[in-house]
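Novice: this one's sequence-less:
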């Protein structure tokens, strides 16, 4: 008997269990493991962010469902392997949220945001120490201390990981003092790219210098309290919007970008930009 659609999480768990049942489920679902599903999990998280950026609430509902399915999928595979099940995931995050909010659920009292952030970091550090002690008690390998920059996942997008590394370093005083200093650093990195080109240092050296420039740009975003990933997503959307305007204008004239000159497209780009700014 097939499970019926429902707003009860139990129905979704039953659907996933059915999909993963040998001989009865979906061959594709049965072939998957944590590693093969991980890229889809990342993709679904980005699609949630995209729906939010576009302000599409209907799409957001669907994308959140897709992201929830990823959690259910991973939990089901873990349950099959005897590690944990979906209720354990729910309990773990519930306990964590209560533990990390003593100013809401405990006796820490009302706190301003900076104090809340400091308390959150302190509690996370305590959790890491407790986790390491528990692994040692169970005879499991304990990773060596990762230092100030530990705990930033390698799989994060480059801009987000750069931001988190800088935040951790800045928390212990390794940081620029003001925005002007960061702007000076960006100019310096741009000059080093020009020098690498002028001296023909090769593609590897150029890649290294471009990476330094991007890292400095993330630093600027951080000092201006701007999310670099969100800012770049916005710029990507703006580029797409304006370029499609160029395509539409050229198509109305019986032409295309491949047939137009750079000067023509640049003029149309400026027209699209002025229209946007005029309607803002």
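Specialist: Yes, it's here. All of these numbers come straight from a predicted model, not from anything done at the bench.
Novice: low-confidence stretches in the stretch 101-250 of the chain?
Specialist: Where the stretch 101-250 of the chain drops to pLDDT under 70, the residues are 144-146.
Novice: can you give me the helices in it?
Specialist: In the stretch 101-250 of the chain, the helices defined using DSSP state H, counting those that start in this stretch lie at 102-105, 113-137, 158-171, 179-198, 203-223, 228-252.
Novice: got the ones you listed as TSV, with mean neighbour count columns?
Specialist: (Glycine included, C-beta is placed from N, CA and C.) Putting the helices of the stretch 101-250 of the chain into TSV (neighbours: other Cβ atoms under 10 Å) gives the following:
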stretch	mean neighbour count
helix 102-105	14
helix 113-137	12
helix 158-171	16
helix 179-198	14
helix 203-223	17
helix 228-252	14
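Novice: closest one to residue 36 among those?
Specialist: helix 158-171 (22.8 Å; Cβ to Cβ).
Novice: contacts for that closest one, please.
Specialist: 121, 148-149, 152-154, 156, 175, 214-215, 218-219, 221-222, 227-229, 232 (Cβ atoms under 8 Å, 6 or more residues apart in numbering).
Novice: same check, this time on stretch 55-74
Specialist: With Cβ under 8 Å, 6+ apart as the test, stretch 55-74 has contacts from 12-13, 16, 29, 32, 34, 37, 40-41, 44-45, 47-48, 50-52, 86, 89.
Novice: filter those to the buried ones?
Specialist: In terms of neighbour count (16 or more other Cβ atoms under 10 Å), the buried residues within those are 12, 13, 16, 29, 32, 41, 44, 47, 48, 51, 86, 89.
Novice: before we move on, back to that, please flag which of the contacts of stretch 55-74 sit within strands.
Specialist: Of the positions in these, not one sits in strands, assigned by DSSP state E.
Novice: re the thing from before, closest one to residue 102 out of the buried ones among the contacts of stretch 55-74, please.
Specialist: Checking those against residue 102 with Cβ to Cβ, the nearest one is residue 89 at 22.6 Å.
Novice: do you know how far that closest one is from residue 35?
Specialist: 19 Å (Cβ to Cβ, to the nearest Å).
Novice: what residues are up against residue 190?
Specialist: Contact analysis of residue 190 by Cβ under 8 Å, 6+ apart lists residue 213.
Novice: that one and residue 176, how far apart?
Specialist: 17 Å.
Novice: same check on residue 269?
Specialist: Relative to residue 176, residue 269 is positioned 34 Å away (Cβ to Cβ).
Novice: quick check, residue 13 in contact with residue 86.
Specialist: Yes: using Cβ atoms under 8 Å, residue 13 makes contact with residue 86 at a distance of 5.8 Å.
Novice: which neighbours do these two share?
Specialist: In contact with both residue 13 and residue 86: 72, 76, using Cβ under 8 Å, 6+ apart.
Novice: got phi/psi on residue 111?
Specialist: When quoted as degrees, to the nearest 10, the phi and psi of residue 111 stand at phi -130, psi 150.
Novice: what is the burial count for it?
Specialist: 14 (other Cβ atoms under 10 Å).
Novice: that one: what's it in contact with?
Specialist: 103, 119.
Novice: what's in contact with whichever strand or helix holds residue 272?
Specialist: Using DSSP states H and E, residue 272 maps to helix 262-279. Helix 262-279 is contacted from outside by 238, 241, 242, 243, 245, 246, 249, 250, 257, using Cβ under 8 Å, 6+ apart.
Novice: kindly reformat the residues you listed as CSV containing distance to residue 274.
Specialist: Formatted as CSV, the contacts of helix 262-279 follow (distance: Cβ to Cβ, whole Å):
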residue, distance to residue 274
238, 14
241, 14
242, 11
243, 15
245, 11
246, 13
249, 13
250, 17
257, 20
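Novice: which pair of the residues you listed spans the longest distance?
Specialist: Spatial extent of the contacts of helix 262-279 (Cβ to Cβ) is set by the pair 238 and 250 at 19.0 Å.
Novice: how about the nearest residue to residue 120, chain neighbours excluded?
Specialist: In space, and not counting its chain neighbours, residue 120 is closest to residue 100: 5.7 Å by Cβ to Cβ, 6 or more residues apart in numbering.
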